[in-house]
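Enquirer: Next come a sequence and a model predicted from it.
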Amino acid sequence: PIARHLERRGEGLHHVGYRVDDCAAALAALVAAGATPIDEAPRPGSRGTTVAFIHPKGAFGTLIELVQENP
């Protein structure tokens, strides 16, 4: 996915990640506020995290990643 992004848009910002305490709650709050989710529910991420993504079209052109660190 990163190579495709670079081919289409060149160098620059790919996405912004936000650490959240509760990924499901943060996702629900953003969707309730009008954001368009890529993930309908949080899913496993790298290094034991839980993640969810918000589509760039609903976030001023920037892909948003919600990241919950799990114990």
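Expert: Nice, I can see it. The structure presented is a predicted model; accordingly, all values stated were derived computationally and were not measured.
Enquirer: Now do stretch 23-41, average pLDDT.
Expert: The average pLDDT within stretch 23-41 is 97.
Enquirer: Contacts made by that stretch with the rest, please.
Expert: Contacts with stretch 23-41, where a contact means Cβ atoms under 8 Å, 6 or more residues apart in numbering, come from 18, 20, 42, 50-55, 57-59, 64, 66-68. C-beta: built from backbone N, CA, C; applies to glycine.
Enquirer: let's see 6 Å
Expert: For stretch 23-41, the external contacting residues (Cβ atoms under 6 Å, 6 or more residues apart in numbering) are 20, 42, 50, 52-55, 57-58, 66, 68.
Enquirer: quick one: which of the residues you listed is nearest residue 2?
Expert: Nearest to residue 2 out of the contacts of stretch 23-41 is residue 53 (Cβ to Cβ; 14.1 Å).
Enquirer: Report the next helix or strand after the longest helix along the chain in sequence order.
Expert: Secondary structure of the chain read by DSSP state H shows that its longest helix is helix 23-32. Using DSSP states H and E, the helix or strand that follows helix 23-32 in sequence is strand 43-44.
Enquirer: Of the contacts of stretch 23-41, which one scores lowest on pLDDT?
Expert: residue 58 (77).
Enquirer: and the nearest residue to it once chain neighbours are set aside, how many neighbours?
Expert: What sits nearest to residue 58 in space, not counting adjacent residues and going by Cβ to Cβ, 6 or more residues apart in numbering, is residue 36, at 3.6 Å. Residue 36 has 12 neighbours, counted by other Cβ atoms under 10 Å.
Enquirer: Generate a ChimeraX selection restricted to the buried subset of the contacts of stretch 23-41.
Expert: Selection command for ChimeraX covering only the buried members of those, criterion 16 or more other Cβ atoms under 10 Å:
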select :20,42,50,52,53,54,58,66,68
